[in-house]
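In: Predicted model follows, preceded by the sequence.
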Number of protein chains: 2
Amino acid sequence: MDLPLKVSEPIAPQLVAALRQAIVGLSFQPGEALSEKDIAARFGVSRQPVREAFIKLSEAGLVEIRPSRGTYVMKISVREVANARLVREAIESDIARHAARLARPPHIAMLNRLIKEQRDAANAGDYWRFNEGDEAFHRAIGEIVDCDYAWRVVESARIQTDRTRLLSLPEASPMPLLLSQHEAIVRQLEAGDPDGAERTMRRHLREILVALPQIAATHPNLFSDTILPAHTEGLVPRD
Amino acid sequence: MDLPLKVSEPIAPQLVAALRQAIVGLSFQPGEALSEKDIAARFGVSRQPVREAFIKLSEAGLVEIRPSRGTYVMKISVREVANARLVREAIESDIARHAARLARPPHIAMLNRLIKEQRDAANAGDYWRFNEGDEAFHRAIGEIVDCDYAWRVVESARIQTDRTRLLSLPEASPMPLLLSQHEAIVRQLEAGDPDGAERTMRRHLREILVALPQIAATHPNLFSDTILPAHTEGLVPRD
DNA sequence: GGCACCATACCGGTATGGTAATATTTTGGA
DNA sequence: TCCAAAATATTACCATACCGGTATGGTGCC
């Protein structure tokens, strides 16, 4: 993890990717201090690109820069995860609605291909590959609508919602359920059913809320809060 | 515009604000080159904070950094404006839906106060003050739901949609119409009507699309493209 | 033993110098 | 006169040095 930097390519973006992965992958513990100097020494670069990487990570909500004091890995916030989830639901459900209008046979074929990959991963019990497939599936729907701006926003929000993925027990968000929801969405896109696609996508993304309180309760030291914001009331699909 | 910088406060954020205002206010023409050195000299600071400000502005889509070549003010893109508008509609309509559930009398009172201010501005024909009131109104609805993450996203998107504001003729988006839409939203929030509030907010934000092609046609040198993306089809409320 | 004070180390923020890559201008040859 | 190639200028990017502010550990006083 320490020295994957390619020379003669911009350093700062590489650092952003590496540090981001280290944080969401829990190689850096929430609350831990990261100093510009240490990271710079570890990667064999100067402080300047490290500083720029820290700024980007702070905008993503992964670290907090406290001037003259230090930079710290942000603890996971139930509130922030729920807020990011709300943004994802708003945008991705709208995207699904538009996609039901704009989807063409090649798009449907691609989505079915991705679902097949996910099914293979689920059958193999490969939770990690299943998650990668999930990301690819959601992105593929976004590409139908051709609104890259929306997708940049969703990817930012995903940084927050994905922080709990490694912690979430498979039982809390069972792969067969998520897979069946993906299949339903594709059927509705193919049928040109905007209402149905929107409804299913909203339901699908609300699954994130099901396991969230439980995860926070299981890992109290990784979280800065445990209270769901008011706007999540009545949204949990299963009880 | 050149030297409003307060000493002993972080310089980079001040530069971001100043440059952003200069760009959306057309003090810098779209396509114009901005060099780190020039800006640094003009504000009497070093190149480093200028560089950080440029990075932030590039993330907002206001400038484009071309390595070893220069930094240029991005031309307004009809496509980007429409994409940002889609994000605003998705989030703000969902926020309105939640707000209809969460609104309390003090919130309604605040919204009515803001509408009154806007009505005064409209009666005085003060287009600029009217726009400020618009921003305050939308933000106030966001605060009802208490999802600051959503609001950060909306503010980013607003940077794009607001770039055409100075160019939009009052006739294209008449103040009385926008005002009446605001009033309708408040009535629906007060009545606890989520469907109505969402519907009206969507309609309200689609007004942006009405004048957009016309504005682009009037100022071809400020735009990099003039074609609306596919997802805007059938969304223009009036013809 | 407890508390105020100070020296020291460390942090992020800024200024400045150097470097490789690109754009522009100049120049030399046909 | 024209075109290509070399010289120059300018750019963003990185490295290094310095600055003021903050935390911390030790010391002397009460």
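Out: Received it, and whenever you're ready, just let me know what you need. Note that the structure is a prediction, hence the values are computed from the model and not measured.
In: going forward, measure contacts and count neighbours with C-alpha atoms only.
Out: Fine.
In: All the strands of chain A, in order from the start?
Out: A:33-34, A:63-66, A:70-73, A:76-77, A:223-225 (DSSP state E).
In: and the last one, how far out from the chain's middle?
Out: Here strand A:223-225 is found 18 Å from its chain centre; the criterion is CA atoms, centre = their mean, to the nearest Å.
In: I'd like the average pLDDT over that strand.
Out: In this model, strand A:223-225 has a mean pLDDT of 96.
In: Need the contact partners of that strand.
Out: By CA atoms under 8 Å, 6 or more residues apart in numbering or on different chains, the residues outside strand A:223-225 that reach it are A:30, A:75-79, A:216.
In: And those residues, which is closest to chain B?
Out: A:Arg79 (8.8 Å; CA to the nearest CA).
In: what about A:Pro220, how many residues close to it?
Out: When counting by other CA atoms under 10 Å in any protein chain shown, one arrives at 12 neighbours for A:Pro220.
In: An error on my part: the question was meant for A:Arg152.
Out: Each residue near A:Arg152 was counted by other CA under 10 Å, and the total is 11.
In: could you list every residue that touches A:Ser46?
Out: A:37, A:40.
In: next one: phi and psi at it?
Out: When quoted as degrees, to the nearest 10, the phi and psi of A:Ser46 stand at phi -90, psi 180.
In: quick one, domains of chain A?
Out: Per automatic domain parsing, the structural domains of chain A span A:11-74, A:77-232.
In: Which of these sits closest to DNA strand C?
Out: Comparison of the domains of chain A against DNA strand C by CA to the nearest atom of the strand identifies domain A:11-74 as nearest, at 3.2 Å.
In: Centre of the chain to the closest one, how far?
Out: Relative to the centre of its chain, domain A:11-74 is centred 19 Å away, using CA atoms, centre = their mean.
In: and that domain, how far apart are its ends?
Out: End-to-end distance for domain A:11-74: 23 Å, by CA to CA, to the nearest Å.
In: And A:Gln21, how far from A:Gln14?
Out: 11 Å.
In: What of A:Ala121?
Out: A:Ala121 is 29 Å from A:Gln14, where distance means CA to CA.
In: cool, and A:Glu80?
Out: 26 Å.
In: Compare those two and say which is more crowded by neighbours.
Out: Per other CA under 10 Å, whichever of A:Glu80 and A:Gln14 has more neighbours is A:Glu80, with 20 against 17.
In: What residues does the more buried one make contact with?
Out: A:Glu80 touches A:160, B:149, counting by CA under 8 Å, 6+ apart.
In: Residues of chain A that sit close to DNA strand D?
Out: Applying CA under 7 Å from any atom of the strand, we find that chain A lies next to DNA strand D at A:9-12, A:44-49, A:67-69.
In: What subset of these is buried?
Out: The neighbour count (16 or more other CA atoms under 10 Å in any protein chain shown) marks A:11-12, A:47, A:49 as buried among the residues of chain A next to DNA strand D.
In: Can you show me the helices along chain A?
Out: According to DSSP state H, chain A carries its helices in the segments A:11-24, A:36-43, A:47-59, A:78-102, A:105-123, A:127-145, A:148-161, A:175-190, A:194-218.
In: any idea which of the ones you listed is most buried?
Out: Highest mean neighbour count of the helices of chain A: helix A:78-102, a mean of 25 (counted as mean count of other CA atoms under 10 Å in any protein chain shown).
In: got any ranges where chain A has weak pLDDT?
Out: Scanning chain A for pLDDT under 70 picks out the ranges A:1-5, A:7-8, A:171-172, A:238-239.
In: Excluding chain neighbours, what is closest to the residue nearest in space to the middle of it?
Out: Residue closest to the mean C-alpha point of chain A, counted by CA atoms, centre = their mean, is A:Arg158 at 2.5 Å. Leaving aside its chain neighbours, A:Arg158 sits nearest to A:Ala84 (7.3 Å; criterion: CA to CA, 6 or more residues apart in numbering or on different chains).
In: ditto for A:Tyr72
Out: Distances taken as CA to CA, 6+ apart place A:Ala33 nearest to A:Tyr72, at 4.4 Å, with adjacent residues excluded.
In: For chain B, see how far away that neighbour is.
Out: Separation of A:Ala33 from chain B (CA to the nearest CA, to the nearest Å): 22 Å.
In: wait, isn't that residue in contact with A:Gly70?
Out: Yes - with contacts counted by CA atoms under 8 Å, A:Ala33 reaches A:Gly70, the gap being 6.8 Å.
In: Pick out whichever of those two has more residues nearby.
Out: A:Ala33 (17 against 12).
In: Flag every residue of chain A that's near DNA strand C.
Out: Residues of chain A lying close to DNA strand C by CA under 7 Å from any atom of the strand are A:8, A:34-38, A:48, A:51, A:65-71.
In: Which residues does stretch A:138-145 contact?
Out: Stretch A:138-145 has contacts (CA under 8 Å, 6+ apart) with A:92, A:95-96, A:98-99, A:102-103, A:107, A:110-111, A:148, A:150-151, B:230-231.
In: With stretch A:16-26 instead?
Out: Residues from elsewhere that reach stretch A:16-26, judged by CA under 8 Å, 6+ apart: A:1, A:28-30, A:53-54, A:56-57, A:62, A:73, A:159, A:162-163, A:166.
In: for these, which one is nearest A:Leu189?
Out: The closest of the contacts of stretch A:16-26 to A:Leu189 turns out to be A:Asp162 (CA to CA; 25.4 Å).
In: which non-adjacent residue is nearest the closest one?
Out: A:Val24 (7.4 Å).
In: Same check on A:Gly192?
Out: If the residues on either side of it in the chain are set aside, A:Gly192 comes closest to A:Ala100, at 4.7 Å by CA to CA, 6+ apart.
In: Compute the distance between that neighbour and chain B, please.
Out: Counting by CA to the nearest CA, the gap from A:Ala100 to chain B is 11 Å.
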